[in-house]
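Participant: any chance you can model this:
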Amino acid sequence: MIGHEERLHGLLDAGISLSSELSLDAVLQKLVETAAGLTGARYAALGVIDRAGRELERFLTTGIEPEVRAEIGELPRGRGILGVLIRETKPLRLHSLGEDPRSVGFPPGHPPMHTFLGVPIVLRGAAYGNLYLCERGDGTDFTDEDEELVTLLAAQAAVAIENARLYEAATRWSRQLESLAEVGNALTGEVELSSLLELVAKRLRELIDARLVLVALANAEAGLRVHTADGEHAEEAIGLVLDQNGSRTGRVFERRQSERTDSVIDDPEANQEIARRLAAVTGLYVPLVVRDRSIGVIVAFNKIGPDPRFGEDDQRLAEAFAARAAVAVDLSERVARDSLRRVFEAQELERRRIALELHDETGQALTSVLLGLRSVEEAKSEEELRQSVAELRELVVGTLQDVRRLAVELRPSVLDDFGLTPALERLVRGFSEQTGIEVDFESRLPDGRLPSEVETALYRIVQESLTNVVKHARAGRVSILLTRKNGSVTAVIEDDGRGFETGARSEGLGLVGMRERIALLGGRMEIETTPGSGTALVVEVPLL
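Facilitator: Take a look at the predicted model:
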């Protein structure tokens, strides 16, 4: 055994050596070897305690050959004597491990061990891990001096461990900031929503070392729906609807605050069916927020590595990434809405032009033909000619009526000249005359015009709804009600027809175009229908 003075010099050298090491793994391994050298122990180990403070998550050793370690099998988790130090956080010396009633014995293949010294490593008042020493070289028990030396070594080690952790964290953040800058540049250059979401999922999964990342966006009808996923089980995840009420995902979306779970299977707020399908063990939930408004949630499952749990660093990184991604997603949706708005505006301009041509030019031309035919009719001619002219006149009259009706359907001039209510009154009157279906129309809108885009959208929706009634509903009666309340206009359109299965035929009823029009104005649309009970359509448009 080495002398007292040599051991003190060794302790001093060990402190200097440990403080100069910046790799955490290297610090821990050197610590184990130094403790064995200072005490003359044949075996030494260091157990790192998990964040919950219940068991060991890492176990480093010296003195045990690799083949012996392989024969022992699974590393200890903190039962028996090892667990005593986790719970009590104070040094422990034993003459014989096997004689202590708290011991649980050794697994097959484990070398015999009797004398024991355990010392906690404390960081800022909390136990980071424990040093375990067994079998002093001279066969005697560990002494007070051994305990004192190892306690001093543990104190020095705590500082070295903290320095190494800070250095690794700083280095990691430096790399992550570079990645964030790269991702930010990539996001600003991508405006196609599907490509953007794929980029978000892929880059974030790489940044936080997750096995699976989902991007779910809020939808007024479907809730939080997974649009994109990257990693293991990604194909199974796309299209899933995540619970929004009473779930962790929904809570993160509503509160706009990130959360983590270390065990999805034990989480009462997790959807266990989805968790099983995606093999989710741990989870990280981060909201996508734009101007204090949640637009979606990013969910990451199962961190890659020996510990699948996500830490605070992962959460902060995901939040920084999500902030950039949310702005990019919002920009992409704005570009899409703007493009769609331009399409609708172009359609309306074209309809207005065609309506003007049909109403003025074509109508005037046919009227001139009609007047000319009347002159021919009044002239003296053979009977056959008179009959042909009469038939031609009747045809021209019908054509003129059709042309004028088409002009009204394309863009009624009364909508531009007098507003929504008069335009709908004329539309309803013409509809009843042509179809025989009774329509109850009531407008409770105050005097004055609405914004042009709102009037156009509501007119087209009522027009499309009446078309659906004729084509599909087999209704005998329709009611239309317009109201204005709390800064918005509401239109309720009901019929007593046969109804339909929602989702089964909705795409064929022109509802897609209706939804797009309402979405452009920031409004909402709801449909209530069941087979045999008619249909009710409720549209609400804010007056910005």
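Participant: residue 492 should be in a strand, yeah?
Facilitator: Yes: Residue 492 forms part of a strand when assessed by DSSP: H, G, I helix; E, B strand; the rest coil.
Participant: just to check, it is in contact with residue 462?
Facilitator: No: at 10.5 Å, residue 492 does not count as touching residue 462 under the criterion of CB atoms under 8 Å. Using the backbone N, CA and C atoms, a C-beta is placed for each residue, glycine as well.
Participant: anything in contact with each of those two?
Facilitator: Among the neighbours of residue 492, those also in contact with residue 462 (CB atoms under 8 Å, 6 or more residues apart in numbering) are residue 480.
Participant: more neighbours, those two?
Facilitator: When residue 492 and residue 462 are compared for neighbours, residue 462 comes out ahead with 24 against 16, by other CB atoms under 10 Å.
Participant: please name every helix or strand in contact with the helix or strand containing that one.
Facilitator: Taking DSSP states H and E as the criterion, residue 462 maps to helix 452-468. Packing partners of helix 452-468 (3 or more CB pairs under 8 Å, 6 or more residues apart in numbering; DSSP states H and E): helix 413-417, helix 420-435, strand 477-485, strand 488-495, helix 511-520, strand 535-542.
Participant: of all the ones you listed, which one is nearest residue 298?
Facilitator: Closest approach to residue 298 among these (CB to CB): helix 511-520, 23.1 Å.
Participant: what about stretch 135-146, start to end distance?
Facilitator: This stretch, stretch 135-146, spans 13 Å end to end (CA to CA, to the nearest Å).
Participant: what is the rounded mean pLDDT of it?
Facilitator: For stretch 135-146, mean pLDDT is 88.
Participant: can you give me the buried ones in it?
Facilitator: For stretch 135-146, burial by neighbour count (16 or more other CB atoms under 10 Å) applies to 135-136, 142, 146.
Participant: including distance to residue 290 and secondary structure, could those residues go into JSON lines?
Facilitator: Conversion of these to JSON lines gives the following (distance: CB to CB, whole Å; DSSP: H, G, I helix; E, B strand; the rest coil):
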{"residue": "135", "distance to residue 290": "63", "secondary structure": "strand"}
{"residue": "136", "distance to residue 290": "64", "secondary structure": "strand"}
{"residue": "142", "distance to residue 290": "62", "secondary structure": "coil"}
{"residue": "146", "distance to residue 290": "61", "secondary structure": "helix"}
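Participant: which two among the residues you listed are spaced furthest apart?
Facilitator: The most widely separated members of the buried residues of stretch 135-146, counting by CB to CB, are 135 and 146 (12.4 Å).
Participant: any idea where the helices of the stretch 301-450 of the chain begin and end?
Facilitator: Taking DSSP state H, counting those that start in this stretch as the test, the helices found in the stretch 301-450 of the chain are 312-356, 363-378, 383-410, 413-417, 420-435.
Participant: and the pLDDT at the residue nearest to residue 77 when sequence neighbours are not counted?
Facilitator: Take residue 77 and drop its neighbours on the chain: the residue closest to it by CB to CB, 6 or more residues apart in numbering is residue 55, 4.6 Å away. At residue 55, the predicted lDDT confidence score is 81.
Participant: over to residue 297. Which of the three states is it?
Facilitator: Per three-state DSSP, residue 297 ends up strand.
Participant: quick one: it and residue 254 touch, right?
Facilitator: No: if you go by CB under 8 Å, residue 297 and residue 254 don't touch, sitting 10.1 Å apart.
Participant: those two: which has the busier surroundings?
Facilitator: residue 297 (28 against 12).
Participant: host element of residue 113?
Facilitator: Here residue 113, judged by DSSP H and E, is contained in no helix and no strand.
Participant: give me the element the nearest residue to it once chain neighbours are set aside is part of.
Facilitator: Excluding the flanking residues, the one nearest residue 113 by CB to CB, 6+ apart is residue 134, at 4.1 Å. Counting by DSSP H and E, the element that carries residue 134 is strand 126-136.
Participant: pull the residues that contact that strand.
Facilitator: Strand 126-136 is contacted by residues 31-32, 35-36, 39-49, 53, 56, 58, 82, 85-86, 89, 97, 113-122, 142, 146, 150, 153-154, 158, 161 when judged by CB under 8 Å, 6+ apart.
Participant: kindly report the same for stretch 426-439.
Facilitator: 405, 408, 412, 414, 441, 459, 462-463, 466, 469-470, 475-480.
Participant: mind doing that once more with 7 Å?
Facilitator: Applying CB atoms under 7 Å, 6 or more residues apart in numbering, the contact partners of stretch 426-439 are 412, 414, 441, 462-463, 466, 469-470, 475-478, 480.
Participant: could you check how far the nearest residue to residue 524 once chain neighbours are set aside is from residue 208?
Facilitator: Among residues not flanking residue 524 along the chain, residue 540 sits closest, at 5.3 Å (CB to CB, 6+ apart). From residue 540 over to residue 208 the distance is 40 Å, taken as CB to CB, to the nearest Å.
Participant: how about residue 128?
Facilitator: 23 Å.
Participant: ok, residue 240 next?
Facilitator: 21 Å.
Participant: so if I had to pick from the two, which one is more boxed in?
Facilitator: residue 208 (21 against 17).
Participant: so what pLDDT did that one get?
Facilitator: Per-residue pLDDT puts residue 208 at 86.
Participant: next one, pLDDT for the closest residue to it other than its chain neighbours please.
Facilitator: Excluding the flanking residues, the one nearest residue 208 by CB to CB, 6+ apart is residue 314, at 4.6 Å. pLDDT for residue 314: 86.
Participant: ok, residue 314 - contacts?
Facilitator: Residue 314 neighbours (CB under 7 Å, 6+ apart): 208, 284, 303.
Participant: any idea how far the residue lying closest to the last one once chain neighbours are set aside is from residue 289?
Facilitator: Sequence neighbours aside, residue 310 is the residue nearest to residue 303 in space, at 5.2 Å (criterion: CB to CB, 6+ apart). For residue 310, the distance to residue 289 (CB to CB) stands at 19 Å.
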